[in-house]
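Asks: just the structure for this:
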Amino acid sequence: MRIHPNCVLRCAAVALAVQARGLVPDALMCELLAKPGRVAVTDETPEFSWGFRDSETGDVQTAYRLQVATTRERIEQNGPDLWDSGQVPSDQSLYVSYEGAPLPPGRCVYWRVCVWDRRQRQGEWSSPQPLLLAETLGADTPLRYPLVQQTIAPVRVVTNTAGHVFADFGKAAFGGIEWRLPEGSPSGPVILHLGEKADGDRVDAHPGGAIYYFKADGRLPSGPLRYRLPLPLEANVRHKGYDAVTVLKRIGLLEPVGVVAPFRYVEVEAAPFPVTADTLRQTAVHYPFDDGASSFTCDSAALCRVYDFCKYSIKATTFAGVYVDGDRERAPYEADAYINMLGHYGVDREFTMARFTHEYLMRCPTWPTEWKQHSVMMAWAEWMYTGNTEALERWYDVLKSKKVLAFRARETDGLLVTGGSEAPLSTGVRDITDWPPAERDGFEFRPVSAVVNAFYVRNLRQMADMAAALGRVGEGRDYREKAEQAARAYHALFFHSERGCYLDGEGASHASLHANMFPLAFGLVPPAERGRVADFVRSRGMACSVYGAQYLLEALFEAGMEDEAIRLMTDTGQRGWLNMMRVGSTITMEAWDMRFKRDLDWSHAWGAAPANIVPRFVLGVRPLLPGFKTLVLRPQIGSLSDAHGTVPTVRGAVSIDIRQKYGAWYRLTFRIPVNVTARVELPRRLTQGACYLDGAPIDAEKADGQWVMDGVGSGAHTVCWQSGAENSKGKEHEHE
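Replies: Numbers count the residues shown, from 1 in each chain. So this is what the prediction gives:
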């Protein structure tokens, strides 16, 4: 077989374009802050990180030089008065600690970096970056950006049959209304209706559930003027028992932005002047967000719609500066936050909000057993995606003593005894399995639960990794031994060999989707039984909530059933993301439909699983070593013809382009950042035939029926596979 020369020339052209300038640092970051100068750093020895612009294929950093100065002019004139590291032989490009003169509190200083490549060529300096310092230095605290306000014009304005002006802003957002008062406009009273749901050309005043509606009135001043009509506090306190204002004050985010409400539509009942499209603006409040940091397209229009829907949901629900569970409660919960953080990592190069939320929940935990276990998962994900151990060092002992729940493990087999769903809250554990209760697929609660113990084994394995990262070698070894003991006991106790699936708990006769999707997603199922368990999981369909969908999709992808997972993400029935859009929501909902949860809201990011599933599984980009020092690239597009996207990482963006003729040929083109190596895994179904990397035949290792290429270096690469049947016809990659 002969590979078309484009497979090679594409990479060569990129390499020639960058040889002249060497490695150029880009995407600079200080203290996990990828958007510099917006928040004051408190650490007296902050850590600097950087990525790179396009580079030669296989290039690596061999040395760096950092400079810090009190003014931009000093930096640009090569006169750093705070620190000049000199040339430091190192490939380290994440978390280089400051070692210069004491930093001046309350000032803005500037820094830059240059590096040497694998050929010992010094590259250009990065652009100077501002570093804002707090008035008091010394404490290394989790940092957050101030929220931003984006002004959005209506996409449609009409006068309805009631004589009111009706404005549609296209998407719901948390925020308020800005009036652009015309010159000479008189002052006078105004009456507004704001809501997420429309009834024809009117705001639905009775939308049901916790779907937002609010009637506001006030007085507009005379123009010309831009004026934001303040919403009263009661616009946030709408549901008995949930004091959202108190929660927002506790996390410190109410005062800077005022009261915000989720709405898409505005109906103006009364105003002192004629209202037009030029008069009204939606002021959307959210965390700083780079819409261009990620992308995804494919030949499934439905999957593209779902991805865009979920990506926007991640952005829109950052309005509190901490991951909250939606508008109904506006409070952080661990399971919600874990799905939210994975989605945020998948769509933006942003790490501060995830860290702040994780540490907030370590201080202010919630009640479900599995939610406590999610704190361990959040700590592990934060470490893997950032490569930074500061938060891990702060909270490791609390994770060990209060979140792993090992103190509830019985001596006989090492499995947890938690008491089920009716255990008193005073015991510190009460199992939840899924929420709302009707979404549990008939799960039979038992004191020793298959769901809780699936999380437990995953937690033990993650604690083993994290203990080792902190140098606690003995503890890491102990956790690993406990994990493998519990995994063996798990299969022996819960697996029903005749039925080929796991039962819900010790002594249970029922087998739910949940008792099977969690062990399948978490790698607890022995290889010999993986197929039967996966078949059982597939047979149950989407018999879980939008929260459970996260783990159902993970389970199907882990089992190699990507077509089934993609089918569920694009399902047109009531249990799907297309249904959320069909009923009118522009942000993912708390539940699939009001039929399944009568008090649902239309602004719940725990329903946005595809925002992380698409980059992690469809495009296949996940960290294999902390901080993406090594990543795994395992695209799973199933029978789609093509998929393309960009996935942000702490070291820079990974771009992926996949095209195939199912069963005949397959081409994967990708670019990975400098100082990163990749383990590339092709789909399991590509077995016979030939495989080429950058135009050269490769003897790739076959692992679990897959072509696997380890140690693929940075830059642009193309992997081509062609079946033996296609090769025998003498074809030359007609897809080129």
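
Asks: what mean pLDDT does stretch 573-581 get?
Replies: Across stretch 573-581, the average pLDDT comes to 98.

Asks: over to stretch 137-154?
Replies: 90.

Asks: just the C-alpha atoms of it, please, in PDB.
Replies: Output of stretch 137-154 as PDB, limited to C-alpha atoms (Å, rounded to 0.1, in the frame of the first residue of the first chain):
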ATOM      1  CA  LEU A 137       1.200  38.800  50.400                       C
ATOM      2  CA  GLY A 138       2.000  35.400  52.000                       C
ATOM      3  CA  ALA A 139      -1.200  33.400  52.000                       C
ATOM      4  CA  ASP A 140      -1.600  30.900  49.100                       C
ATOM      5  CA  THR A 141      -5.300  31.000  48.700                       C
ATOM      6  CA  PRO A 142      -7.600  29.800  45.900                       C
ATOM      7  CA  LEU A 143      -8.300  32.700  43.600                       C
ATOM      8  CA  ARG A 144     -11.300  33.800  41.500                       C
ATOM      9  CA  TYR A 145     -11.800  36.300  38.800                       C
ATOM     10  CA  PRO A 146     -14.400  39.000  39.100                       C
ATOM     11  CA  LEU A 147     -17.500  38.200  37.100                       C
ATOM     12  CA  VAL A 148     -18.000  39.900  33.700                       C
ATOM     13  CA  GLN A 149     -21.100  41.300  32.200                       C
ATOM     14  CA  GLN A 150     -21.800  40.800  28.500                       C
ATOM     15  CA  THR A 151     -24.300  43.000  26.800                       C
ATOM     16  CA  ILE A 152     -26.600  41.200  24.300                       C
ATOM     17  CA  ALA A 153     -29.100  42.700  21.800                       C
ATOM     18  CA  PRO A 154     -32.400  41.000  21.200                       C
END
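
Asks: bridging residues for residue 226?
Replies: residue 180 (DSSP bridges).

Asks: neighbours of it, how many?
Replies: For residue 226, the count of nearby residues is 11 (other Cβ atoms under 10 Å). (Each C-beta comes from the backbone N, C-alpha and C, glycine too.)

Asks: contacts only, for it.
Replies: Residue 226 sits next to 178-181 when contact means Cβ atoms under 8 Å, 6 or more residues apart in numbering.

Asks: dump those residues to JSON lines, plus distance to residue 300.
Replies: Formatted as JSON lines, the contacts of residue 226 follow (distance: Cβ to Cβ, whole Å):
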{"residue": "178", "distance to residue 300": "38"}
{"residue": "179", "distance to residue 300": "42"}
{"residue": "180", "distance to residue 300": "40"}
{"residue": "181", "distance to residue 300": "46"}
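
Asks: of all those residues, which comes closest to residue 358?
Replies: residue 178 (33.8 Å; Cβ to Cβ).

Asks: in a strand, the closest one, correct?
Replies: Yes: under DSSP: H, G, I helix; E, B strand; the rest coil, residue 178 sits within a strand.

Asks: find the residue closest to it in space, skipping its chain neighbours.
Replies: residue 281 (4.2 Å; Cβ to Cβ, 6 or more residues apart in numbering).

Asks: now do the SS call for the one you found.
Replies: Residue 281 is classified as strand under three-state DSSP.

Asks: in this structure it contacts residue 153, no?
Replies: Yes: Residue 281 is in contact with residue 153 according to Cβ atoms under 8 Å; the separation is 6.2 Å.

Asks: of those two, who's got more company?
Replies: Neighbour count, other Cβ under 10 Å: between residue 281 and residue 153, residue 281 has more, with 22 against 14.

Asks: which parts of this protein belong to which domain?
Replies: 6-132, 148-286, 300-622, 626-728 (automatic domain parsing).
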